[in-house]
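>>> 3D, please:
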Amino acid sequence: MAEKKKLILLPKQPKIKRTGPKPKSGKRDVMLPRKSIKTAPAPSLVLSPNEKKSQRALERLAKDRDALEEASQLENFPKMFLGMDAYGWQKKVLEALNEKECQVALKAANGSGKTSIVAASAILWHMVRFPESLVVTTAGVWRQVEGQLWPTLKKYVSGLGQGWRATSNELHYQNGSRAIGFSTNDAGKFEGWHRQGPTENLLMIVDEAKTVPDPIFTAIARCQPSRLLVMSSPGAAAGSFYESFTKQRKFWDCHTVTAFDCPHLEKGWIEEQIEMYGENSPLIRSMIYGEFVDDSGEGLILNLKSLEECLQNPPELQMGMRVAFIDFAAGGDECVFAYRNGNKVMEMVTWRERNTNTTIGKIINLIKKNNLSQDEVYADEGGMGLPLCDALMDAGYDIHRVNFGARPFDDRYANRSAEMWHTAARVIEKREILLPDDGMLHQQMVTRRSEVSRTGKLGVESKDKMKSRGLDSPDRADAVMGCISCGGGIGGSWERFNAITRPTMEELMRDAQESFEEDSLPNGMFVGY
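Predicted coordinates for the structure are as follows:
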């Protein structure tokens, strides 16, 4: 048997035998292939194959730049990146979010797609568009974030390629941007977010905003987001979300969506809901028509939906009776001159002036400018109005005087102010008037409430009560409602009383006698004849 060879350990690893040229000292033991670079061909009318290839590359680059510009617009994101055709109203809402420093409010019918299309697209677009930026989303309840928004985001990013990382309430992208979702009733926990990234961008989205407490909206304002979207199906006519469509409307880009604006909601289902609950049911007004519901004891004289319909679908212009109404200011409020010709409020002029002589001069100039006679001018004679009406009379303008607290022509109303407001509101509801495009006027029209007296007469909320709710005096609305209600034509029911609204001495004595008899008798008793 042959003897086994023993393993001999060498003290040094032997050198590897190489073939080819010896490497130079100090260089890596790797030989890189050499390739000469050709110089660019001189430009000529006849392009070589390489020149044609370069030209095609430049053309593609130009097209890519156009595509890049198109993709940078948020309204194109659903189609280009998610493969979905957005509805017209969804594109309008997304388009409104393109601009920095915007505030967008959306009230929409249930199931409209505001979360799955509008909110999700805005979040993903913001993260891709602005590196290292931040998106903060919140809702009234946690299930809205965890059960609806975030599952939708996870579904979308799975088709957007690599670079995304998602958890139950966070989303990260490879460019350093991130989105966070949470729900809280503690305003203190909502503070501390700020604009981030080289472009200093912060998008905040409030979903189901009707259930979010007002202190949260205050905390959001302190964060100063570069873009803010609040959206919800409408609820009670109260709170910060409601005020974004009424009291604070001028600061917001507002959008309203009904179930009829959403083709995926079947018409049969909509009609079934209306038949089941009733056309005027608060549930239907909110769920189908996207309207706020006034759950207070005192309803609004004019609701927002009626005003919006009148503004969006106005009647044809019909010139006719000319009527002007003046609402005089007191305590620093606005003086307002509103002038109507036929079914159009032609002009609304506002000013603040403590000098009564200056005010009288301005009014006379407006009367002359519109070529009005004294019989075509009405004015509030309450408070500061009385001496101003007297001054106008001394100047040769014995105009019609209207005392808001005086006895109405129609005894269904508590006073003439109520008669004017309710009469004009019905005109607006029937879309019989062309109104001025003035945000403050619209706000004042839809914030005053109706009241019912102990005797069942229809009245209006006092200005003191409105002030206690944080609302200013509705001077613009008083003047416009007055010019709609007074005179002939639109809302001209007063004309059957010969239009002269100044009471005679006989009327004053009769009213005083009736008032005395009412006050002097116990409740439930009357004087017989």
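>>> what's the closest residue to Pro263 other than its chain neighbours in contact with, if anything?
The shortest distance from Pro263 to any non-neighbouring residue, by Cβ to Cβ, 6 or more residues apart in numbering, is to Tyr87 (7.2 Å). Bear in mind the C-beta positions are built from the backbone N, C-alpha and C, glycine included. Residues in contact with Tyr87 (Cβ atoms under 8 Å, 6 or more residues apart in numbering) are Gly113, Ile117, Asp261, Cys262, Pro263.
>>> Repeat that for Val345.
With Cβ under 8 Å, 6+ apart, Val345 has these contacts: Ala338, Tyr339, Ile433, Leu434, Leu435, Pro436, Val480, Cys483, Ile484.
>>> Now Tyr400. Its backbone dihedrals?
Just to correct that, residue 400 is His rather than Tyr. phi -70, psi 130 (degrees, to the nearest 10).
>>> Next one: the one residue sitting closest to the centre of the chain from Val230, what distance?
Closest to where the C-alpha atoms of the chain average out (Cα atoms, centre = their mean) is Cys254, at 2.1 Å. Distance, Cys254 to Val230, by Cβ to Cβ, to the nearest Å: 10 Å.
>>> Listing request: residues of this structure with sub-threshold pLDDT.
1-48, 50-68, 141-147, 184-189, 276-278, 280-283, 294-298, 330-332, 453-456, 488-529 (pLDDT under 70).
>>> Test my guess that Ala324 contacts Arg340.
Yes: using Cβ atoms under 8 Å, Ala324 is in contact with Arg340, at 7.5 Å.
>>> For the stretch 251-400 of the chain, which segments are assigned as strands?
253-257, 322-327, 335-341, 344-351, 377-380, 400-402 (DSSP state E, counting those that start in this stretch).
>>> Let me have these in a markdown table, extended by distance to Lys107.
Below are those laid out as a markdown table (distance: least, Cβ to Cβ, whole Å):
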| stretch | distance to Lys107 |
| --- | --- |
| strand 253-257 | 6 |
| strand 322-327 | 31 |
| strand 335-341 | 29 |
| strand 344-351 | 27 |
| strand 377-380 | 35 |
| strand 400-402 | 36 |
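>>> Thr138 is nearest to which of those strands?
Distance to Thr138, taken as Cβ to Cβ, is lowest for strand 253-257 among the strands of the stretch 251-400 of the chain, at 19.7 Å.
>>> Going along the chain, name the helices of the stretch 151-300 of the chain.
Counting by DSSP state H, counting those that start in this stretch, the stretch 151-300 of the chain has helices at residues 187-190, 214-223, 240-243, 267-277, 282-287.
>>> Deepest in the core, which of the ones you listed is it.
Of all the helices of the stretch 151-300 of the chain, helix 240-243 carries the top mean neighbour count, a mean of 22, counting by mean count of other Cβ atoms under 10 Å.
>>> coming back round to it: would you list the buried entries among the contacts of Tyr87?
Among those, those scoring as buried are Gly113, Ile117, Asp261, Cys262 (criterion: 16 or more other Cβ atoms under 10 Å).
>>> Nearest residue to Pro436 in space, ignoring adjacent ones along the chain?
Using Cβ to Cβ, 6+ apart, the closest residue to Pro436 is Met348 (4.9 Å).
>>> from what I can see that neighbour touches Ala479, true?
Yes: counting by Cβ under 8 Å, Ala479 is a contact partner of Met348 at 7.0 Å.
>>> re earlier: ok, which of the strands of the stretch 251-400 of the chain comes nearest Met80?
The closest of these to Met80 is strand 253-257. By Cβ to Cβ, the value is 22.2 Å.
>>> what's that closest one packed up against?
Using 3 or more Cβ pairs under 8 Å, 6 or more residues apart in numbering; DSSP states H and E, the elements in contact with strand 253-257 are helix 88-96, strand 102-108.
>>> Give the other helices and strands that the first one contacts.
Taking 3+ Cβ pairs under 8 Å, 6+ apart as contact, the helices and strands that helix 88-96 lies on are helix 77-81, strand 102-108, strand 253-257.
>>> Sheet partners, orientation included, of the longest one?
Okay, so that is strand 102-108. Using DSSP bridges, the strands paired with strand 102-108 are strand 227-232 (parallel), strand 253-257 (parallel).
>>> what's the following helix or strand after it?
Counting by DSSP states H and E, the next helix or strand C-terminal to strand 102-108 is helix 120-129.
>>> Out of the helices of the stretch 151-300 of the chain, the one nearest Gln73 is which?
helix 214-223 (25.4 Å).
>>> Off-centre distance for stretch 342-349?
25 Å (Cα atoms, centre = their mean, to the nearest Å).
>>> Could you do stretch 358-369 as well?
Relative to its chain's centre, stretch 358-369 lies at 36 Å (Cα atoms, centre = their mean).
>>> Which residues does that stretch contact?
With Cβ under 8 Å, 6+ apart as the test, stretch 358-369 has contacts from 324, 326, 328-329, 335, 337, 339, 349, 351, 353, 374, 377, 388, 391-392, 395, 397.
>>> what do you get if the cut-off is 7 Å, keeping everything else the same?
Residues from elsewhere that reach stretch 358-369, judged by Cβ atoms under 7 Å, 6 or more residues apart in numbering: Ile326, Cys335, Phe337, Val349, Trp351, Glu353, Val377, Leu388, Ala391, Leu392, Ala395, Tyr397.
>>> Filter these down to the buried ones, PyMOL style.
Of the contacts of stretch 358-369, the buried ones can be selected in PyMOL as follows, counting by 16+ other Cβ under 10 Å:
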select buried, resi 326+335+337+349+377+388+391+392+397
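>>> for the contacts of stretch 358-369, which one is nearest Gln318?
Using Cβ to Cβ, Val377 is the member of the contacts of stretch 358-369 that lies nearest Gln318, at 21.2 Å.
>>> For Ala418, see how far away the closest one is.
Relative to Ala418, and taking Cβ to Cβ, Val377 is found at 22 Å.
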